[in-house]
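[1] Here is my input, please return the structure:
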Amino acid sequence: MRLRPTPWILLGDTGALTEPHSSFSAADFPDLKQASQAAKTHSSQSSSSHWHYLNHIRNFQHNQPARPLVELFGAGYQDYLQNPLQPLADNLESITYEVFEKDPIKYEWYERAISAALQDWTTSKKTGSGSNGRIVCAVTGAGRGPLVTRALEASRKTGIEIDMWAVEKNPNAYVLLQRHNATIWQNRVHLVQSDMRTWTGPHTKTSSSGTTTPTPYKIDILISELLGSLADNELSPECIDGVQHLLNPTHGISIPSSYTAHISPIAAPKIHADILARSAAGDAEAFSVPYVTMLHAIDFLSARPPLAQPRAGLDQPAVRSGCGGGMPDIPLQPVVREAWDFKHPIPTSNLLPPAERNPTASGNEHNTRATRLEFACRHRGVCHGLAGYFETVLYDPASMLGVDDALPTTNTSSDTNSKRQKVELSTNPLTMDRKSRDMISWFPMFLPLRQPLYFPDECVLVVHMWRRTEGRSVWYEWCVESFKVERMKSGRAKRIRLGGSEVVSSKASACLM
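    Next comes the predicted model:
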């Protein structure tokens, strides 16, 4: 087995290993039984007998599977705490865009979603909103343009002409978009430097009486990549709300169409110690920040056997040792529960100006959320905080054609009778391998508790979490309670509250709209 930091292999009680490494080839690697027999044969030589065991270890090293792409990409980022991005308040640096663009999965899946949407639109005989009935596609928050490139490629592969728009507020990224349009996209993209929420929408210029008048029209397919580690923490709902009035009201498509936040309580002593050190160094808000981090040295506090026995060789999420309860040969799965969801487009009644809905409203109340989740914990432990993940549906054919009308896939000729599936992304450890294996764009989120919460065997942890909004700010609040469940003589269950954490609020580090 390979250790994460070097040295990778530790050997003990081997004596002096002086035989040269070059005298062995890969074909000479023995298994453990062969190494034992060879050691007995050479037992008269104090040191050489150990070389057969060393080669057995080398056999493990030689034949072990390659590291997952996520692990290779995240080397050095395990349990490293990062503050969430503020894409609306700040202009991201070019290196940040470059890191995102290295993802081998996300943009491929986006292209699949756009291709499916174009095909379904055409097959349904719907007329596009653009000139000559062309389908209007708009990438809002285009960054350096990877989604624009994928949309144009989807148009080329499907043979469906589109009217392409790209909106970006970052002036530095906009300069690169102009260069791409001139050198890569052959000036097929209409570029707009604007905050998507103040954009007036696509338009054509018509001339009459010597004056030029812009004629606006609607967007048919709205594309964005505004998701964060908890789906909505980078204000994707608020951004899409601001541009939804430009979407075709009859059958406009949003990619992504929905996303859900997922939560699980964890023990993370290393991360807790790092945050504690920050607090001791004078950071008063160290425990009030929802951190983005590649969770590594953690234990899931609530775990259960899988619903179906997984195939041999599949990687299993790390769970608490000893949770098996007499079933050590059955790998357990962490319990990860859905907290809330967002869907796009939403009913337009929710997007009316505040004055028309409620004079005292901020206009964003429809994006507040609250949840209460229960997690059964069989063995005692300590909760240091919550792990946050997300899942998203980029495109669902049923939303365009209806459940019974989903089109056959066109990927392969042998698969023409199968139904096209939803295009989805996930960081949830239970579904990531199935929906978007090797995706590296998003690390999980860690929401810390100020004081670790200790609990005994056979407990239930209850997680309360809220998504708050006020004016231009959006933030989270969370807390955890522990309950002991006892059976009474009557057979009824009695729940006794053992303790709970204080409510943690990230308002001081809220994401700004």
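[2] From Ala154, how far off is Ile255?
    11 Å (CB to CB, to the nearest Å). For every residue, glycine as well, the C-beta is placed using N, CA and C.
[3] Asn91 - nearest residue in space that isn't next to it in sequence?
    With sequence-adjacent residues excluded and distances taken as CB to CB, 6 or more residues apart in numbering, Asn91 is closest to Asn170, at 4.3 Å.
[4] re earlier: spell out which residues are contacts of both of Ile255 and Ala154.
    Taking CB atoms under 8 Å, 6 or more residues apart in numbering as the criterion, Ile255 and Ala154 both touch Ile114.
[5] re earlier: okay, now the residue nearest to Asn91: neighbour count?
    For Asn170, the tally of surrounding residues (other CB atoms under 10 Å) stands at 21.
[6] thought it was touching Ala142?
    No. If you go by CB atoms under 8 Å, Asn170 and Ala142 don't touch, sitting 9.2 Å apart.
[7] Quick check: which element contains Ala173?
    helix 171-183 (DSSP states H and E).
[8] Over to His464?
    Assigned by DSSP H and E, His464 belongs to strand 459-470.
[9] For that strand, buried residues please.
    Buried residues in strand 459-470, defined by neighbour count with 16 or more other CB atoms under 10 Å: 459-469.
[10] How about Lys494: what's its closest non-neighbour residue?
    Glu486 (5.0 Å).
[11] Who are the packing partners of the helix or strand where that neighbour lies?
    Using DSSP H and E, Glu486 sits in strand 473-487. The contact analysis (3 or more CB pairs under 8 Å, 6 or more residues apart in numbering; DSSP states H and E) places strand 473-487 against strand 381-395, strand 445-455, strand 459-470, strand 493-500, strand 504-505, strand 511-512.
[12] And the lowest mean pLDDT element among the helices and strands of the protein?
    Using mean pLDDT, DSSP states H and E, the weakest-scoring helix or strand in the chain turns out to be helix 354-357, at a mean of 44.
[13] which parts of the helix or strand following that one are buried?
    Using DSSP H and E, the next helix or strand after helix 354-357 towards the C-terminus is strand 369-377. Neighbour-count burial for strand 369-377, with 16+ other CB under 10 Å as criterion, is recorded at 369, 371, 373, 375, 377.
[14] Out of those residues, which comes closest to Val335?
    Nearest to Val335 among those: Phe375, at 5.5 Å, using CB to CB.
[15] close enough to count as contact, the closest one and Cys459?
    No. Look at Phe375 against Cys459 with CB under 8 Å: they stay out of range, at 9.1 Å.
[16] Okay, now the unreliable bits of this structure?
    Along the chain, the model assigns pLDDT under 70 to residues 1-56, 58-62, 69, 74, 206-212, 307-330, 348-362, 400-419.
[17] got the domain boundaries for it?
    As assigned by automatic domain parsing, the chain contains the domains 1-64, 94-199+214-256, 259-512.
[18] quick one, what contacts His190?
    Counted by CB under 8 Å, 6+ apart, His190 has contacts 163-166, 202.
[19] got it, and Arg437?
    Ile105.
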